[in-house]
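[1] model the structure of this input:
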Amino acid sequence: MKSRIRQDAIIRMLRRNGTSTIQALAEEVGTSRRTILRDLSSLRDEGYVIHSDVGRGGGLQLDPQSIRTTISLSVPEVFALLISVAAMRAAGNLPFSELADTGLAKIEKSLPADRVKDLRALLERLHIGQLSPLQNLSDMGKIDRGLLPTFETAFLQREFIRFAYRDAKGQRTQREVEPQAMLILPPLWYLVGWDPEREGFRHFRMDRISNSETVAGTRFRRRHVPFEEDVCPYSEVLKRTG
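    You can find the predicted model right below:
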């Protein structure tokens, strides 16, 4: 069992049982007492408060208010959190916005400097607006969970992105575009790409995209994306609602 999975299991058992022993934890996850001791040390380093009794049995108890204070998130994960909060903010239904902003700021600080640079480059190309009340949402589907990491890689490395696309009429085509920006019109999300075959920008609903991948060996330049006047960049959303 991998250390992260094993340590998560230890926390779940301590929360469920209230009190446990090193031996009981070792038997539960199928490892040695020595490994459990190392896991407990790692969990404490991450911010968990785990009390231990020196007496017979080596009783262990997790502080019920204890949480992990160190995190390991990728840029796509942080980007997903930020744009989700931004979308809710733009829609006017973000409760506890100050707490959300504080938490996200702490998450951003946990990233290495080079990853923060990547994150800001992505946020500069994130735009948010309001969806027309006449928009038909009856066919709205789920977004492929692999699309955001693919977009992030293609965008930062300036490689084309290739994907299968289903249009409003159900027709399927294979597309290959420059991933220039992302547009959120809650609850719809769009990939904004420059299509070299059609020599123009195209908006692709992300819930209609599947089988996305980067195209190795391709390169593109950043282009100015001419959004409508009622669509503003992510930074402007923060100014208006902060």
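
[2] how close does the residue most central in space within the chain sit to Ala164?
    Using C-alpha atoms, centre = their mean, the residue of the chain that lies closest to the mean C-alpha position is Glu77, 2.5 Å off. Note on Glu77: its distance to Ala164, by C-beta to C-beta, to the nearest Å, is 25 Å. For every residue, glycine as well, the C-beta is placed using N, CA and C.

[3] repeat for Asp63
    Distance of Asp63 to Ala164, given as C-beta to C-beta: 49 Å.

[4] do the same with Ala24
    Note on Ala24: its distance to Ala164, by C-beta to C-beta, is 50 Å.

[5] which residues of the chain fall in strands?
    Using DSSP state E, the strands of the chain run over 19-21, 50-52, 59-62, 126-128, 160-166, 172-185, 188-195, 200-205, 209-215, 232-233.

[6] so which bits of the third one are buried?
    So the one you mean is strand 59-62. The neighbour-count check on strand 59-62 (16 or more other C-beta atoms under 10 Å) flags Leu60, Leu62 as buried.

[7] helices and strands around that strand, which ones?
    helix 3-17, strand 19-21, strand 50-52 (3 or more C-beta pairs under 8 Å, 6 or more residues apart in numbering; DSSP states H and E).

[8] now do the longest one: distance to the chain's middle.
    Between the centre of helix 3-17 and the centre of its host chain there is 24 Å, according to C-alpha atoms, centre = their mean, to the nearest Å.

[9] may I have it as CSV, with CA atoms only?
    As requested, the backbone C-alpha atoms of helix 3-17 are provided in CSV (Å, rounded to 0.1, in the frame of the first residue of the first chain):
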residue,chain,number,x,y,z
SER,A,3,2.3,5.7,1.9
ARG,A,4,-0.3,8.4,1.0
ILE,A,5,-3.1,5.9,0.8
ARG,A,6,-2.0,4.2,4.0
GLN,A,7,-1.7,7.5,5.9
ASP,A,8,-5.2,8.5,4.7
ALA,A,9,-6.5,5.2,6.0
ILE,A,10,-4.8,5.9,9.4
ILE,A,11,-6.6,9.2,9.7
ARG,A,12,-9.9,7.7,8.8
MET,A,13,-9.5,5.0,11.4
LEU,A,14,-8.5,7.4,14.1
ARG,A,15,-11.5,9.6,13.3
ARG,A,16,-13.9,6.6,13.2
ASN,A,17,-12.6,4.8,16.3
